[in-house]
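Asker: Okay, sequence plus prediction incoming.
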Amino acid sequence: MTGTKQESGLLRRFHERFMVEERYLTRGGKRNLYLAATVLAVVGLTGFFVVLDSILEADDLSFIDAPIEAWLDSGRDDWLTTFMIVLAIVFGPIAMPIIILVTTVTWGVLAKHAWRPILLAGGMILGVIIVQLLAPIIARDRPPADEMLHGYDPTSSFPSGHVMGVADFLFIGTYLVFSRHRRPVITVLAFAVATFVVLLTAACRIYLGYHYATDALGSIFLSLVVLGLVIAVDTWRTVRVGSPEQVRESDARPEAWGRDEH
């Protein structure tokens, strides 16, 4: 009997630690989150297929590749090249997974609930799977090898794993932290900073000669799809329609601002 109670207590604590994270919104607030998730997914899918069609047909949007590449090449300088290489290493296939692992594990250990770190990890894994599936199927050649400034990369060019990885990490992480913030302006500023870093990463990959502009653009659109899915899952799992009093109490909790109680 004692063993059964202990097992029941362990299961309850496990559930509370890893699964329970609820917040209250008005019916309209919950509907708006689902609407935002749908818009992101639709815009992302539409944009991705428009870019993909342009690449396959070598028309429309694909014509932006040459002028953007030429514009970035015209600004090449030793200090800028060094900065871009450092940026590529930080957001590259070795350092970036370490950053993601440390972030998710640390957040999961310190947070009251592990739901958001798990969701971040799940979104990142989904992004990696999408790139690994699509890249060999589309099989777009990268820019010429003599234009690559930091070693030769023989893999396919579209979509960009670098750009999508950074976009997934920053967009999903920003949503999971700042969507709980009671001041919308803070959330908007956080997404503005995340978008700037994503665009900087895209410029880095083009500048160093590893991708075309449409590679980066298509990857960002795919990342919007992943973000939309994350928002939908998070809303389904955590958001409850509550009374005005419950909504106010939910907003007042530290975890509603992107911080967890310990």
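Answerer: Arrived safely.

Asker: Can you name the element that comes right after whatever helix or strand T174 lives in?
Answerer: Here T174, judged by DSSP states H and E, is contained in helix 161-178. Later in the chain than helix 161-178, the nearest helix or strand by DSSP H and E is helix 184-207.

Asker: Over the helix or strand that that following helix is followed by, what's the mean pLDDT, rounded is fine.
Answerer: Downstream of helix 184-207, the first helix or strand assigned by DSSP H and E is helix 213-238. Mean pLDDT, helix 213-238: 94.

Asker: Check stretch 203-210 too.
Answerer: In this model, stretch 203-210 has a mean pLDDT of 90.

Asker: angle of the helix holding T174 against helix 184-207?
Answerer: Computed by axes from the mean of the first three to the mean of the last three CA atoms, to 10 degrees, the angle separating helix 161-178 from helix 184-207 equals 170 degrees.

Asker: For helix 161-178, which helices and strands make contact with it?
Answerer: Counting contacts by 3 or more CB pairs under 8 Å, 6 or more residues apart in numbering; DSSP states H and E, helix 161-178 is packed against helix 95-110, helix 115-138, helix 184-207, helix 213-238. Quick note: C-beta positions are derived from backbone N, CA and C, even for glycine.

Asker: mind redoing it with 6 Å?
Answerer: Under the contact criterion of 3 or more CB pairs under 6 Å, 6 or more residues apart in numbering; DSSP states H and E, helix 161-178 touches helix 115-138, helix 184-207, helix 213-238.

Asker: Adding distance to S54 and mean neighbour count, write those helices out as a markdown table.
Answerer: Shown next, in a markdown table, are these (distance: least, CB to CB, whole Å; neighbours: other CB atoms under 10 Å):
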| stretch | distance to S54 | mean neighbour count |
| --- | --- | --- |
| helix 115-138 | 12 | 17 |
| helix 184-207 | 16 | 17 |
| helix 213-238 | 6 | 23 |
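
Asker: Switch these over to a markdown table; also include distance to D73.
Answerer: Output for these, formatted as a markdown table (distance: least, CB to CB, whole Å):
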| stretch | distance to D73 |
| --- | --- |
| helix 115-138 | 25 |
| helix 184-207 | 8 |
| helix 213-238 | 12 |
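
Asker: Select, out of those, the one closest to V43.
Answerer: helix 213-238 (6.0 Å; CB to CB).

Asker: Does anything pack onto that closest one? Which helices or strands?
Answerer: The helices and strands touching helix 213-238, judged by 3+ CB pairs under 6 Å, 6+ apart, are helix 27-57, helix 65-74, helix 115-138, helix 161-178.

Asker: Distance from the last one to the middle of the chain?
Answerer: So the one you mean is helix 161-178. 2 Å (CA atoms, centre = their mean, to the nearest Å).

Asker: got it, and the first one?
Answerer: Relative to its parent chain, helix 27-57 has a centroid offset of 14 Å by CA atoms, centre = their mean.

Asker: Give me the pLDDT value at the spatially most central residue of the chain.
Answerer: Of all residues in the chain, the one closest to the mean position by CA atoms, centre = their mean is D168, 1.5 Å from it. Note on D168: pLDDT of 95.

Asker: which one is it nearest to, not counting chain neighbours?
Answerer: G127 (4.1 Å; CB to CB, 6 or more residues apart in numbering).

Asker: how close does the one you found get to G228?
Answerer: 13 Å (CB to CB, to the nearest Å).

Asker: and the end-to-end length of stretch 140-160?
Answerer: 11 Å (CA to CA, to the nearest Å).

Asker: For it, buried residues please.
Answerer: By neighbour count with 16 or more other CB atoms under 10 Å, stretch 140-160 contains the buried residues R140, R142, P143, S156, S157, F158, P159, S160.

Asker: from the residues you listed, which is closest to W79?
Answerer: For those, the closest approach to W79 (CB to CB) belongs to P143, at 22.4 Å.

Asker: these two touch, right, that closest one and L208?
Answerer: No. With contacts counted by CB atoms under 6 Å, P143 stays clear of L208, the gap being 9.6 Å.
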